[in-house]
Structures are given as structure tokens and as C-alpha cells.
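Q: dropping a prediction and its sequence here:
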Amino acid sequence: MKESTKKWIVVAILATAAGIIFELPYMRYTFYDPLRAGLGLSHEQFGELMSFYGTLAFIFYLPGGWLADRFSHKYLLAFSMIGTGLGGFYLSTWPSFGGAKLLFAFWGITSIFTFWATLLKATSMLGDKSEQGKLFSLTEGGRGIITSVAALTATAMIARLGGDPEQFVMVLYLYSTLCVLTGVACLVFVPHNKIPASERESGMNVIKDMIEVAKMPITWMLAVCIFAIYTVYTTSSYFTPFMTEVFGVSAATAALVATFKNHLFRPISGIVGTFLTTKTGSSIPSMKISVVFLAVLIGITLVLPVSAAFVFAISIVIALIGLMTFVLRGLYFAPVGEVGTPKRLLGAAMGLISTIAFTSDMFNFKIVGRILDTNPGIGGYKMVFTYILVLLGISFVSLIFLKRASDKAAKANVNVEESAEVTA
């Protein structure tokens with residue numbers, strides 16, 4: 001088998017892994033009622049379960065990055081997928097609240113600690129600097145395809161079998177089996193990342209690695225950029241109630257637009273991201289273009305008249321907002337491999353960046369919810385969309401500084417190589 005063929009098989013496996021592993025821990029977002037009924041939990045207990053998982057995820061991002069730098073990606077990814085799948089089979093037995101907490105703690109290990117940074121580093125190491133944007137974009141696009149197909153299949157199963165806990169276990173079997181099979185594929189196809197013994201021995205001090213990564217300005221610039229973009233992504237979920245509350249469309253129509261926004265356009269985002277990076281040669285200018293286009297779309301939502309005549313127009317704009325947010329999501333970790341980060345620290349850098357970038361999950365929904373509660377109607381939503389524009393402005397400025405730092409690092413590397421040639 002050709003090396004290029006092997007590489008794209010691995011990309012497909014990584015995209016499948018990324019698309020399926022979080023479906024079990026985050027199943028409440030799609031199948032809230034049958035899952036809560038099966039576990040026999042109150043709304044508060046169910047919320048506590050997810051908060052517990054979210055807290056563990058926040059804790060595990062950082063050491064998970066160090067782990068990805070020290071151990072084989074093949075084994076880490078296989079353990080993550082198979083472990084998560086076995087956890088899904090355990091969930092199908094409808095454990096007690098205490099058992100469910102232990103399960104979500106275990107999933108915190110398999111889906112974050114051993115998986116997240118490993119996935120990012122494994123993707124990055126499949127190509128050189130010129131391929132980072134394409135690799136991450138295609139992985140995100142493939143992830144969208146897998147997520148959408150699995151969700152549609154699970155929804156069809158519920159429609160046919162019913163949503164009672166006794167029937168819902170079939171959905172758990174589906175996701176669990178997919179996880180295990182993907183884990184087996186990781187064992188067969190994902191290559192070992194070769195770590196020199198000297199690097200493994202010198203890098204066993206996690207604190208030392210993290211300090212070295214934290215001293216890199218590029219780490220903080222990208223962390224701020226991803227923080228802003230990720231917060232825009234999570235805040236974009238409020239476009240659905242915006243359509244129903246402000247434009248007065250039906251819940252069914254709003255759900256249809258949300259389906260286009262979150263499922264149909266997500267796979268397409270991989271194609272768009274690949275096109276942009278191919279044309280610009282790098283993920284950073286591609287992200288700047290995407291941020292500007294997204295800002296224009298958000299601006300349109302601020303000025304478009306609230307009228308039945310503009311329902312179709314606002315639907316198109318919101319769907320395109322979904323497309324561009326996924327383009328940015330597909331690209332925003334690509335710069336780590338483009339800006340001169342040492343390969344032995346790629347995982348540590350991605351772990352630290354993730355820890356900072358995803359902290360908005362702990363407060364963003366509360367902030368937006370308060371804005372909408374205290375400013376009902378279109379006024380509140382305009383404040384939220386202005387908030388999104390501010391975040392996009394922060395990301396754009398971060399990208400400007402990131403590009404300067406990247407150019408400076410590239411120039412320094414060229415000077416070092418020229419010096420080495422002269423010495424030789």
C-alpha cells in the first residue's frame with residue numbers, strides 16, 4: 001500500500017474517532033429524555049453528572065498533552081476508543097447514580113486524558129507545515145460526516161423502536177460498537193510515533209515540559225485566538241431561539257435551519273478549509289479570511305429587518321454562520337504545527353492551549369443567558385451578536401500577532417540552517 005494511501009486511511013480513522021468518541025459522554029444534548037429516564041435521575045442529578053465530566057475534562061487537558069508526547073499514539077487512541085465503547089455497554093445496564101459518576105470519571109480519562117491531545121498531535125504529525133491546514137480541515141469535515149450519519153441512524157432507530165429505556169439501549173449498543181471497532185482500526189492502521197529514548201527520558205518531567213511550552217509566546221497567542229473562536233461557536237447555538245423568538249418562525253423551521261447549520265454544512269467545512277489553505281498556503285491567513293467573512297455575516301444579523309419577508313434571508317445567513325464557524329474549528333489547531341513548535345512538545349502545547357481555550361464552557365452560557373433574561377426580545381440578541389463581533393475582533397488581532405511570531409520563528413530557523421551549512 002502506498003504511503004499516501006496509508007496517510008489518508010489514518011486521516012479517515014482519526015476523523016471517525018473524533019466524530020464518535022464524544023457522542024456517548026455528550027449524548028444528553030441529543031437524547032436527553034430517554035437517557036435521563038434510563039438512569040432514573042432528576043434534572044439536577046443529570047446536570048451534576050455533566051458538570052462532573054466537564055470539570056474532569058478541564059483537569060485532564062493539560063497532562064493529556066504531556067502524555068501524547070511520551071507514549072505511542074497507536075495505543076493511546078486504541079485504549080481511548082475501546083475503553084469509551086466498553087463504558088457505553090456498561091451504561092446500557094442503567095447503573096446507579098454513583099455508578100454513572102464512576103463511568104463519567106472513566107470517560108474523562110478515555111475521551112480527554114488519553115485521547116484529545118493525542119488526536120491533535122497524531123493529525124499534525126501526518127504531514128509537514130504546508131499540510132497542516134488541509135489535514136485538520138479534512139479531519140473536522142470527516143468528523144462532521146460521522147457525527148451526522150450516526151445521529152441520523154440513532155434517530156431512525158428511536159423512531160422505529162421507540163424511546164423507552166428498554167429500546168434506547170440499542171442506540172447505546174450502536175455507539176459503543178462503533179467506538180470499539182474504531183479502536184481496533186487504530187491498532188491496525190495508526191502508526192507508532194517514534195520517540196527517541198533521549199527525548200523520552202529527558203521529557204518525563206511534566207512540569208518542565210509545561211514550563212517550556214508556557215514560555216513560548218505563540219502558545220498564548222493561539223490560546224487566546226481559539227478561546228475567542230470557540231466561544232463564538234458555542235454562542236452561535238442561540239441563533240435557534242433568535243429565529244423563534246424574534247422572527248417568529250416555528251420550532252420545526254428553526255430546527256431545520258439548525259440541522260443545516262450543524263450537520264449538513266459541517267462536512268462541507270472541510271472542503272472549504274482545504275480550499276482556503278491550498279490557496280493561501282497556510283492556516284493563519286485562511287483563518288483571517290474566515291473571521292472577516294463571519295464578522296460580515298454577524299453584521300447582517302444586526303441590521304436585517306425583522307420581518308416575515310426576510311425569514312429566508314436570515315435562514316441562509318445563519319446556515320452560512322454555521323459553515324464558517326466549522327471552517328474555523330477545523331483550522332484553529334493547525335498553526336501549532338506551522339509556527340515552529342518542536343515536535344516533542346506538540347502534545348504539551350495542544351494540551352495547554354486546550355485548557356485555556358475551552359474555559360469559556362464554565363461561564364459563557366451563564367453570561368449569554370443573563371443578557372437575554374435581562375434584555376428580552378431583539379435588544380438582548382443584538383447585544384449577544386455584538387459580543388460575538390468583539391470575540392471575532394479579538395481572534396483577528398491574535399491572528400495578526402500570531403502571523404508575525406510565526407514569520408519571526410521561520411526566519412530564525414532559516415538563519416540557524418544557513419549557519420549550520422556554513423559551519424559544515
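A: Yep, that arrived. Residues are numbered from 1 along each chain as shown.
Q: so residue 247: helix, strand or coil?
A: Under the three-state scheme (DSSP: H, G, I helix; E, B strand; the rest coil), the conformation of residue 247 reads as coil.
Q: the stretch 151-300 of the chain: helices as residue ranges?
A: If DSSP state H, counting those that start in this stretch is used as the criterion, the helices of the stretch 151-300 of the chain fall at 165-189, 197-202, 206-214, 217-235, 239-245, 251-259, 265-280, 283-303.
Q: er, the stretch 1-150 of the chain I mean
A: Taking DSSP H, counting those that start in this stretch as the criterion, the stretch 1-150 of the chain carries its helices at 3-20, 32-39, 43-70, 73-91, 97-108, 116-124, 132-161.
Q: pull the shortest one out as PDB, backbone CA atoms only.
A: Same thing as helix 32-39. This file holds the C-alpha atoms of helix 32-39, laid out as PDB (Å, rounded to 0.1, in the frame of the first residue of the first chain):
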ATOM      1  CA  TYR A  32     -31.800  13.900  26.900                       C
ATOM      2  CA  ASP A  33     -35.100  12.400  27.900                       C
ATOM      3  CA  PRO A  34     -34.500   8.600  27.200                       C
ATOM      4  CA  LEU A  35     -31.000   8.800  28.800                       C
ATOM      5  CA  ARG A  36     -32.300  10.500  32.000                       C
ATOM      6  CA  ALA A  37     -35.200   8.100  32.200                       C
ATOM      7  CA  GLY A  38     -33.000   5.100  31.800                       C
ATOM      8  CA  LEU A  39     -30.700   6.300  34.600                       C
END
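Q: give me the buried positions along that helix.
A: For helix 32-39, a neighbour-count test (16 or more other C-beta atoms under 10 Å) marks 34, 35, 36, 38, 39 as buried. The C-beta positions use only the backbone N, C-alpha and C, and glycine is treated the same way.
Q: distance of the third one from residue 46?
A: Plainly put, residue 36 is 5 Å away from residue 46 if you go by C-beta to C-beta, to the nearest Å.
Q: need the residues touching each of the two.
A: By C-beta atoms under 8 Å, 6 or more residues apart in numbering, residue 36 and residue 46 have these common neighbours: residue 28.
Q: pLDDT at the spatially most central residue of the chain, what is it?
A: Closest to where the C-alpha atoms of the chain average out (C-alpha atoms, centre = their mean) is residue 329, at 6.4 Å. According to the model's per-residue confidence, residue 329 sits at a pLDDT of 92.
Q: how about it, phi and psi?
A: Here the main-chain torsion angles of residue 329 (degrees, to the nearest 10) amount to phi -60, psi -40.
Q: show me what contacts residue 183?
A: Going by C-beta under 8 Å, 6+ apart, the list of residues near residue 183 reads 77, 78, 79, 80, 81, 82, 83, 85.
Q: now restrict these to buried residues only.
A: Among the contacts of residue 183, those scoring as buried are 77, 78, 79, 80, 81, 82, 83, 85 (criterion: 16+ other C-beta under 10 Å).
Q: can you put those in a markdown table and add pLDDT and distance to residue 299?
A: Formatted as a markdown table, the entries for the buried ones among the contacts of residue 183 read as follows, by pLDDT from 0 to 100; distance: C-beta to C-beta, whole Å:
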| residue | pLDDT | distance to residue 299 |
| --- | --- | --- |
| 77 | 97 | 41 |
| 78 | 97 | 46 |
| 79 | 97 | 46 |
| 80 | 97 | 41 |
| 81 | 97 | 42 |
| 82 | 97 | 47 |
| 83 | 97 | 45 |
| 85 | 97 | 44 |
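Q: those into JSON lines, with extra columns for distance to residue 157?
A: Converted to JSON lines, those look like this (distance: C-beta to C-beta, whole Å):
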{"residue": "77", "distance to residue 157": "27"}
{"residue": "78", "distance to residue 157": "27"}
{"residue": "79", "distance to residue 157": "28"}
{"residue": "80", "distance to residue 157": "25"}
{"residue": "81", "distance to residue 157": "21"}
{"residue": "82", "distance to residue 157": "23"}
{"residue": "83", "distance to residue 157": "24"}
{"residue": "85", "distance to residue 157": "17"}
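Q: ok, back up a step: can you pick out the most distant pair from the buried residues of helix 32-39?
A: Using C-beta to C-beta, the buried residues of helix 32-39 reach their maximum pairwise distance at 34 and 39, which is 9.8 Å.
Q: neighbours of the closest residue in space to residue 360 that isn't next to it in sequence, just the number please.
A: Here the nearest residue to residue 360 in space, its sequence neighbours aside, is residue 231; by C-beta to C-beta, 6 or more residues apart in numbering that works out to 4.3 Å. Using other C-beta atoms under 10 Å as the criterion, residue 231 is surrounded by 25 other residues.
Q: who's in contact with residue 231?
A: Contact partners of residue 231, counting by C-beta under 8 Å, 6+ apart, are 360, 364, 391.
Q: show me the contacts for the first one.
A: Right, residue 360. Going by C-beta under 8 Å, 6+ apart, residue 360 touches 227, 230, 231, 234.
Q: change it to 10 Å
A: When contacts are counted by C-beta atoms under 10 Å, 6 or more residues apart in numbering, residue 360 touches 227, 228, 230, 231, 232, 233, 234, 235, 367, 391.
Q: list the residues that contact the nearest residue to the third one once chain neighbours are set aside.
A: In other words, residue 230. Nearest in space to residue 230, with sequence neighbours left out and distances taken as C-beta to C-beta, 6+ apart, is residue 357 at 5.5 Å. For residue 357, the set of contacting residues under the criterion of C-beta under 10 Å, 6+ apart consists of 61, 222-231, 332-333, 350.
Q: and the two most separated of those?
A: The most distant members of the contacts of residue 357, if one measures by C-beta to C-beta, are 231 and 350, lying 18.4 Å apart.
Q: between the contacts of residue 360, which is nearest residue 284?
A: So of the contacts of residue 360, ranked by how close each gets to residue 284 (C-beta to C-beta), first place is residue 228, at 14.5 Å.
Q: host element of the closest residue in space to residue 269 that isn't next to it in sequence?
A: Distance criterion C-beta to C-beta, 6+ apart; nearest residue to residue 269, sequence neighbours excluded, is residue 326 at 3.6 Å. Remark: residue 326 resides in helix 311-331, with elements defined by DSSP states H and E.
Q: next, the buried residues of that helix.
A: Counting neighbours by 16+ other C-beta under 10 Å, one finds that the buried residues in helix 311-331 are 311, 314-315, 317-331.
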